[in-house]
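Asks: Provided below are the primary sequence and the corresponding predicted coordinates.
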Amino acid sequence: DNFDELRFTSKVKENKVDPHTKFSNERGSDKEYLYIVVIGHVDAGKSTLMGHLLCELGEVSKRTLHKYEQESKKIGKQSFMYAWVLDETGEERVRGITMDIGRAQFETKTKKVIILDAPGHADFIPNMITGAGQADVALLVVDATRGEFESGFDLGGQTREHALLVRSLGVNQLAVAVNKLDTTNWSQERFNEIVKKLKVFLKQAGFKDSDVTFVPCSGLTGENLVKPPSEPELLEWYKGPNLLEVIDKFNVPERPVSKPLRMSINDVFKGTGSGFCVAGRIENGILNKGDKILVCPSKETAEVRNLAINELSTNIAFAGDQVSVTLSGVEMQNVSVGYVLSDPVNIVPVTSHFEARLVVFNVKVPITKGYPVLLHHQSLVESAHISKLKALLNKSTGELLKKKPRCLGNNSVAVVDIKVCRPICIERYKDVKELGRVMLRVSGVTIAAGLVTDIYVD
Ligand code: GDP
């Protein structure tokens, strides 16, 4: 560790300008960037709510809005016009569901907020993991309609799984939109009932009470999204902030700008000019136009020809930024989703064998040695298996309960070794949080989440 620190310091000296100074010079006067993921059960109203919010904030042109209004009238589903603001592809419209991570942004008093929209359909949880892996904070949307909240929250509904997933992926601040409250005539009783149920669950999931805010609203009517409430029934009992104010109050996590560059790739595509593009989030460090970087695990050198944040070209991007990068010097077919752009000196560890501390939440058959899983690490999905069960720990204290347990059941916490079918870029959680988390899934169900505690040399 000391050695690493020394290397960081020498790197900083070479660069001459302290990365933190660079960061504050570049971003200082500007609003801070905040990345938000929107989660919740299918049909909770996520797209409608975010679409309406963007329209109210003037992020959508009158012309586009008019077009969507006409189109949605034509198919007799006028309420869909707001949802379309976020769902841009034809396929999503036909299916009436949000499929992939659409992007949009808006501003609050103190922040530039970038939305990583999450899909609501069960099949798309892998995409959601990508979104949540990049998020600073989450907005959980629940449908307050009688019966609907219950079906989204009870076993099989996605409310619980999404909340557990984002927490396991490191998100610790949450806004909960208690949505569609227009269908209950703005009932305070209903609002309180939902808040009470969710509070108990969210606490168990690992959210602190003080990091969770509940907001009554309606994505459809726009009530309490960006303006003070106007519904008399709501005004009678609600004196709190609107959704925009809640988002503005989120804390922006510290950006590790002085650590060596790490950017995990979640998309590879042909750009408009020469070369090709990769997109992803800078977890650590700074990326400049013209930088020579290493594409890992293949360790090929490439040059950054262009950089863009949310489609706007920039010369420099920092830890926390979601960027697209035009690369040259490496072939597009040699770069895949899940690869990492790394500092050429302090190279990201590459291995197929590591130790993790797992929380098991949902297995039909207890985990034993050799248990096969799909490993999700950022956007990467690889076959893997649990090669060793090393210790069973006490859930709340972390103390050792048993060495070499024979199996792991639901709600257990354990230290295990995991072997992946091929080498991947991975970090210990204590070094780089975002690259030190894994999710394990089996037949479409998330069975466990883990933190990487040790990395073995292949
Ligand atoms: P998503 O799957 O979570 O993105 O949900 P959508 O935004 O597509 O909404 C699902 C359905 O709920 C659509 O028919 C919407 O018109 C409807 N809806 C969304 N928000 C509200 C709301 O605040 N009130 C009412 N009454 N209906 C809503």
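Replies: Alright, I've got the coordinates. Numbering: from 1, shown residues only.
Asks: any chance you could map the helices in the stretch 151-300 of the chain?
Replies: Shown for the stretch 151-300 of the chain, the helices assigned by DSSP state H, counting those that start in this stretch span residues 158-168, 188-205, 232-235, 243-249.
Asks: mind checking which of those helices is nearest V452?
Replies: Shortest distance between V452 and the helices of the stretch 151-300 of the chain, using CB to CB, is found for helix 158-168: 12.9 Å. Where you see a C-beta, it was placed from the backbone N, CA and C, and this is true even at glycine.
Asks: Show me what the closest one is packed up against.
Replies: Contact analysis of helix 158-168 by 3 or more CB pairs under 8 Å, 6 or more residues apart in numbering; DSSP states H and E lists strand 32-39, helix 125-133, strand 137-143, helix 148-153, helix 188-205, strand 437-442, strand 445-455 as its packing neighbours.
Asks: winner for burial among those?
Replies: Most buried of these by mean neighbour count (mean count of other CB atoms under 10 Å) is strand 137-143; its value is a mean of 27.
Asks: pull the CA atoms of that strand into CSV?
Replies: C-alpha atoms of strand 137-143 as CSV (Å, rounded to 0.1, in the frame of the first residue of the first chain):
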residue,chain,number,x,y,z
VAL,A,137,-27.7,8.1,-6.0
ALA,A,138,-31.0,6.4,-6.8
LEU,A,139,-34.6,7.4,-7.3
LEU,A,140,-37.0,4.5,-6.3
VAL,A,141,-40.4,5.0,-7.9
VAL,A,142,-43.3,3.1,-6.3
ASP,A,143,-46.9,3.0,-7.5
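Asks: next one: that strand to chain centre, how far?
Replies: Mean-position distance between strand 137-143 and its chain equals 12 Å (CA atoms, centre = their mean, to the nearest Å).
Asks: That strand - which strands sit beside it in the sheet, and in what orientation?
Replies: strand 32-39 (parallel), strand 174-179 (parallel) (DSSP bridges).
Asks: Kindly calculate the angle that it makes with helix 158-168.
Replies: Angle, strand 137-143 to helix 158-168, by axes from the mean of the first three to the mean of the last three CA atoms, to 10 degrees: 170 degrees.
Asks: Other residues contacting strand 137-143?
Replies: 34-41, 43-46, 49, 132, 149, 152-153, 159, 162-163, 166, 171, 173-180, 194, 198, 219, 247, 250 (CB atoms under 8 Å, 6 or more residues apart in numbering).
Asks: please redo it, this time with the cut-off set to 6 Å
Replies: 36-40, 44-46, 49, 149, 166, 171, 173-177, 179-180, 250 (CB atoms under 6 Å, 6 or more residues apart in numbering).
Asks: go on, stretch 167-184?
Replies: With CB under 6 Å, 6+ apart, stretch 167-184 has contacts from 45, 49, 132-133, 135, 137-141, 143-145, 190-191, 194, 205-207, 211-219, 221, 246, 250, 433, 449.
Asks: need the contact list for D267.
Replies: Per CB under 6 Å, 6+ apart, neighbours of D267: A279.
Asks: How confident was the prediction at it?
Replies: Confidence at D267, expressed as pLDDT, is 89.
Asks: near the ligand, which residues of the protein?
Replies: Within the chain, the positions adjacent to the ligand are 40, 42-48, 79, 83, 97-98, 120, 179-180, 182-183, 218-220 by CB under 6 Å from any ligand atom.
Asks: Run through who's touching stretch 283-299.
Replies: Residues contacting stretch 283-299 (CB under 6 Å, 6+ apart): 19, 256-257, 259-262, 301-304, 307, 315-319, 330, 335, 339-342, 344, 348, 350, 423, 425, 432, 434.
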